[in-house]
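Peer 1: Sequence and predicted model, in that order:
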Amino acid sequence: MQTQLAPQFANTPEGIEAAKILGKCVHCGFCTATCPTYQILGDELDGPRGRIYLIKQIAEGQAPTEKTRLHLDRCLTCRNCESTCPSGVQYGNLVDIGRKWAEENTPERPLAQRLTRWALKEGLTSPKLFNSAMALGRLVRPLMPSGIKRKIPETKSRALDKSIDPHARPKTARSRKMLLLEGCVQPGMLPNINSATARVLDALKIQLISASNATCCGALRYHLNDQAGGLHNAKQNIDAWWPLVEQGVEAIVMTASGCGVMVKDYGHLFINDLQYAAKAKKISGLTKDISEIMPALQNELIALVGSDPKPGVVYHPPCTLQHGQQIRGKVEGFLSSIGIGVRLCADSHLCCGSAGTYSVTQPELSEQLRKNKLGHLQTACEESGAQVIVSGNIGCITHLQQDDTPVLHWIELVDQLISQARSTQ
């Protein structure tokens, strides 16, 4: 797809990158077949190919409209289209550029939208504000409507061993050290995910440490079109982590794949920043989803929990893992190696509708995708006999909560197995 950049975009890093990405698109339409919003709405402009045309029009100088912005807003950024594209179109990077251009060249959003986006950017990225709100929400949780109630999970999941303290972390010093991104909302919503990860790695003789001055990964602001704010968050993390990187941490561990895909992109985001480019590239190279860490520790873990058959699970692979990071099969293979049978549901490649803040900014589309996904997950549970659904991203985990079957992070199951094995010794 040939693009003649408008003067305002020619010779700019964004314009050059957009033209390069657009040049790979061959109009084949394979992407529409796996686009969740296209499947629901049936509108070409609500699929990747249509959105690519809209961005091309902006790049060539056509003024975007509020309708243009709406079609770009409706994109989940699930990047399923990237997994299906035979030409390697980096749609995720392109849609970020297109959204920025559209935001800068359309009328100001309605007040309600501006307030919602401001609250999301400021509230979710501030642990103090968010944790206070979450504590208050738990007090009045029984009185809340079901849609809001599932966004306020109880501190302890009913599927976990009740003797496990979700805040307990090992204090043993280890020679092997890895760095953890705590995340914005995860410590307040589901603290047991990070704590379980720390306990599992400690059992395998690895110390998980945190940088107290690290902040949000930047994804939340970046994908709400506050790209400058997202890059500022990223710089804060690079500065916070760098001393520990220089001290030799083996990896930067991500327990939320939504954060992981953002941090792995730091190298790309800062490629033209002379001050941060080299450090950002190093940070991205060190960043690993927990599913990339555990397979190398498989034998040590089997020695702790055995490989005998254990209750099976249904696994929901997050889009940010399977499409954003192109990691598939690692969770399933690892859990199977320790005796946990894993079942995927039908259309497991499709988004559940969480997509960061999408469930707030596009609630109707998000809820339809959630219903579709839960229907497939429950069918898989019924067919396999699984009592638990697992995933690898807090957004998916909280979005899919319902009364029938608990949804957990898969690392929590590993932590529970280690706890049970130790209690029987």
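Peer 2: That came in fine, so what should we check first?
Peer 1: what pLDDT does residue 128 get?
Peer 2: Looking at residue 128, its pLDDT is 75.
Peer 1: cool, and residue 335?
Peer 2: At residue 335, the model reports a pLDDT of 97.
Peer 1: Give the phi and psi angles for it, as a check.
Peer 2: phi -60, psi -40 (degrees, to the nearest 10).
Peer 1: Burial check on it, number of neighbours?
Peer 2: Per other CB atoms under 10 Å, the neighbour tally for residue 335 reads 22. For every residue, glycine as well, the C-beta is placed using N, CA and C.
Peer 1: Run through the residues that contact it.
Peer 2: 313, 315, 342, 410, 413 (CB atoms under 8 Å, 6 or more residues apart in numbering).
Peer 1: so where do the helices sit in the stretch 101-250 of the chain?
Peer 2: Using DSSP state H, counting those that start in this stretch, the helices found in the stretch 101-250 of the chain span residues 111-124, 127-139, 146-149, 186-189, 192-203, 219-222, 227-246.
Peer 1: now for those helices, which one comes closest to residue 177?
Peer 2: Counting by CB to CB, residue 177 lies closest to helix 227-246 out of those; the figure is 8.1 Å.
Peer 1: Show me which positions of the closest one end up buried.
Peer 2: 227, 229-231, 233-238, 240-241, 244-245 (16 or more other CB atoms under 10 Å).
Peer 1: Give me the angle between that helix and helix 111-124.
Peer 2: 10 degrees (axes from the mean of the first three to the mean of the last three CA atoms, to 10 degrees).
Peer 1: Give me the average confidence score over helix 227-246.
Peer 2: Per-residue scores along helix 227-246 average to 96.
Peer 1: Inside helices: which ones of the contacts of residue 335?
Peer 2: Taking DSSP state H as the definition of helices, the contacts of residue 335 contribute 410, 413.
Peer 1: Okay, and the spatially most central residue of the chain sits in which element?
Peer 2: Nearest to the geometric centre of the chain sits residue 258, at 1.6 Å (CA atoms, centre = their mean). With secondary structure defined by DSSP states H and E, residue 258 is part of helix 257-263.
Peer 1: Report the distance from the next helix or strand after that helix to the chain centre.
Peer 2: Scanning forward in sequence from helix 257-263 by DSSP H and E, the next helix or strand is helix 266-269. Remark: helix 266-269 is offset 17 Å from the chain centroid, using CA atoms, centre = their mean, to the nearest Å.
Peer 1: and residue 408, helix, strand or coil?
Peer 2: strand (DSSP: H, G, I helix; E, B strand; the rest coil).
Peer 1: any idea how far the residue nearest to it when sequence neighbours are not counted lies from residue 95?
Peer 2: Nearest non-adjacent residue to residue 408, counting by CB to CB, 6 or more residues apart in numbering: residue 390, 5.4 Å away. Distance check for residue 390 against residue 95: by CB to CB, to the nearest Å, it reads 29 Å.
Peer 1: quick revisit: hmm, which two among the buried residues of helix 227-246 are most spread apart?
Peer 2: 227 and 244 (26.5 Å).
Peer 1: Specify which residues of the stretch 151-300 of the chain, grouped into ranges, have pLDDT under the cut-off.
Peer 2: 151, 153-162 (pLDDT under 70).
Peer 1: Okay, strands next: where are they in the protein?
Peer 2: 176-180, 206-209, 252-254, 287-289, 310-315, 340-344, 389-391, 407-409 (DSSP state E).
Peer 1: Quick one, which of the ones you listed gets closest to residue 61.
Peer 2: strand 287-289 (37.5 Å).
Peer 1: And the closest one, how far out from the chain middle?
Peer 2: 12 Å.
Peer 1: Check stretch 192-209 too.
Peer 2: The answer for stretch 192-209 is 20 Å, by CA atoms, centre = their mean.
Peer 1: And stretch 298-314, by the same measure?
Peer 2: 26 Å.
Peer 1: Same question for stretch 79-89.
Peer 2: 18 Å.
Peer 1: So which bits of that stretch are buried?
Peer 2: Buried-residue list, stretch 79-89, by 16+ other CB under 10 Å: 79-85, 89.
Peer 1: Just give me the neighbour total for residue 96.
Peer 2: There are 23 residues near residue 96, going by other CB under 10 Å.
Peer 1: nope, residue 46 is what I was after
Peer 2: 22.
Peer 1: how about it, what does it touch?
Peer 2: Residue 46 touches 35, 37-38, 71, 74, counting by CB under 8 Å, 6+ apart.
Peer 1: Got the confidence number for it?
Peer 2: For residue 46, the predicted pLDDT is 96.
Peer 1: any idea how far residue 295 is from residue 308?
Peer 2: 19 Å.
Peer 1: more neighbours, the two?
Peer 2: Under the criterion of other CB under 10 Å, the comparison of residue 295 against residue 308 puts residue 295 first, with 14 against 8.
Peer 1: so what's the closest residue to that one other than its chain neighbours up against?
Peer 2: In space, and not counting its chain neighbours, residue 295 is closest to residue 334: 5.2 Å by CB to CB, 6+ apart. Residue 334 makes contacts with 291, 294-295, 298, as judged by CB under 8 Å, 6+ apart.
Peer 1: Please flag which of these sit within helices.
Peer 2: Short answer: those in helices (DSSP H) are 291, 298.
Peer 1: Which one of the contacts of residue 334 is nearest to residue 346?
Peer 2: Closest to residue 346, out of all of the contacts of residue 334 and judged by CB to CB, is residue 291, at 22.0 Å.
Peer 1: ok now do the residue lying closest to the closest one once chain neighbours are set aside, which residues does it touch?
Peer 2: Closest residue to residue 291 apart from its sequence neighbours, by CB to CB, 6+ apart: residue 330 at 4.4 Å. Residue 330 sits next to 291-292, 294-295 when contact means CB under 8 Å, 6+ apart.
Peer 1: Could I have the buried ones of these as ChimeraX selection syntax?
Peer 2: To isolate the buried members of those in ChimeraX, using 16+ other CB under 10 Å:
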select :291,292,294
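Peer 1: Residue 288 touches residue 254, doesn't it?
Peer 2: Yes - using CB atoms under 8 Å, residue 288 is in contact with residue 254, at 6.8 Å.
Peer 1: Identify the contacts common to these two.
Peer 2: Common neighbours of residue 288 and residue 254 (CB under 8 Å, 6+ apart) are residue 260.
Peer 1: These two: which is more packed in?
Peer 2: residue 254 (30 against 20).
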